[in-house]
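Let me see the structure of the following:
(2 chains)
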Amino acid sequence: ETGVTQTPRHLVMGMTNKKSLKCEQHLGHNAMYWYKQSAKKPLELMFVYSLEERVENNSVPSRFSPECPNSSHLFLHLHTLQPEDSALYLCASSQDPWSYEQYFGPGTRLTVT
Amino acid sequence: DQQVKQNSPSLSVQEGRISILNCDYTNSMFDYFLWYKKYPAEGPTFLISISSIKDKNEDGRFTVFLNKSAKHLSLHIVPSQPGDSAVYFCAASAFIQGAQKLVFGQGTRLTINP
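Residues are numbered from 1 along each chain as shown, chains lettered A, B, ... in the order given. Predicted coordinates for the structure are as follows:
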């Protein structure tokens, strides 16, 4: 595997379910990010991790819980989501948190029913 | 309040001609600007960037222009090719709270017609 991978690519979940999104980067980078892209809206930054420490939480509701166990892996734990949380969730990585260029995964298309 | 705006949701250009995609921003703190390209079912891929201390950066068929006084940047693709058909996102960057924070525009869907 190369670059940034995300699993699953598609996810349908009910409002009472608990699920997790997984991201893995194979680039040796030290910073990772979660973005959300809702329909007809720009990408919105949710979380930033640098060397497994969270450095940014962009006012995201607590029903989204990130986890970064090491510099290659990033998770987004989901629980009691709302239908308006349906969106494309993109993971990205960069060499370090002050690098401008970010490398994106293909995203997970989440539908909350 | 959207800090980065791409006012054209779509653009159609004839193959071989120039494609010009535009982007406006409002925050003077942004010090670096990037263009990303996105194909369906793939994540955005980095295309070209420009520092706020420059007004032009060129890479092959792609050139980005920055007008700081107008808070405007544009991406020129010449000549346009069918493989350039994709959604293009403008992004602006500022270093806030220990990390480079990218703010994206809504995207412009470019279609190159043969």
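
When you work out contacts or count neighbours from here on, use the C-alpha atoms and nothing else.
OK.

residues contacting residue 71?
You didn't say which chain, so I picked chain A. A:28-32, A:50-52 (CA atoms under 8 Å, 6 or more residues apart in numbering or on different chains).

meant chain B, my bad for not saying
B:24-26, B:28.

ok, of the contacts of A:S71, which come out buried?
For the contacts of A:S71, a neighbour count by 16 or more other CA atoms under 10 Å in any protein chain shown gives the buried set as A:29-32, A:50-52.

State the pLDDT value of A:N58.
On the pLDDT scale, A:N58 is placed at 70.

Around A:S59, how many other residues sit close by?
The local packing of A:S59 (other CA atoms under 10 Å in any protein chain shown) involves 9 other residues.

now A:T111
19.

Contacts for whatever helix or strand it lives in next, please.
Taking DSSP states H and E as the definition, A:T111 sits inside strand A:108-112. Here strand A:108-112 makes contact (CA under 8 Å, 6+ apart) with A:6-15, A:21, A:81-90.

so who does B:R61 touch?
Applying CA under 8 Å, 6+ apart, we find B:R61 in contact with B:76-79.

Pairing partners for the spatially closest residue to B:S51 that is not a sequence neighbour in the sheet, please.
Of all residues not flanking B:S51 in the chain, B:Y32 sits nearest, at 4.5 Å (CA to CA, 6 or more residues apart in numbering or on different chains). Per DSSP bridges, the residues bridged to B:Y32 are B:S51, B:S93.

Kindly report the same for the one 5 residues further on.
Beta-bridge partners of B:K37, counted by DSSP bridges, are B:T45, B:Y88.

What number of residues are in the vicinity of it?
Using other CA under 10 Å: B:K37 sits among 22 other residues.

from memory it sits against B:F46, does it?
Yes: using CA atoms under 8 Å, B:K37 is in contact with B:F46, at 6.5 Å.

quick one: least confident helix or strand in the chain?
Using chain A here. Ranked by mean pLDDT, DSSP states H and E, the weakest helix or strand in chain A is strand A:53-57, scoring a mean of 75.

hm, I was asking about chain B
Sorting the helices and strands of chain B by mean pLDDT, DSSP H and E puts strand B:99-104 at the bottom, at a mean of 89.

pLDDT value on A:E84, please?
93.

can you tell me which residues contact residue 40?
If you meant another chain, say so; for now it's chain A. B:Q106.

Can you look at chain B instead?
Here B:P40 is in contact with B:A86 (criterion: CA under 8 Å, 6+ apart).

same question, the one 4 residues further on
B:P44 sits next to A:103-106, B:36-38 when contact means CA under 8 Å, 6+ apart.
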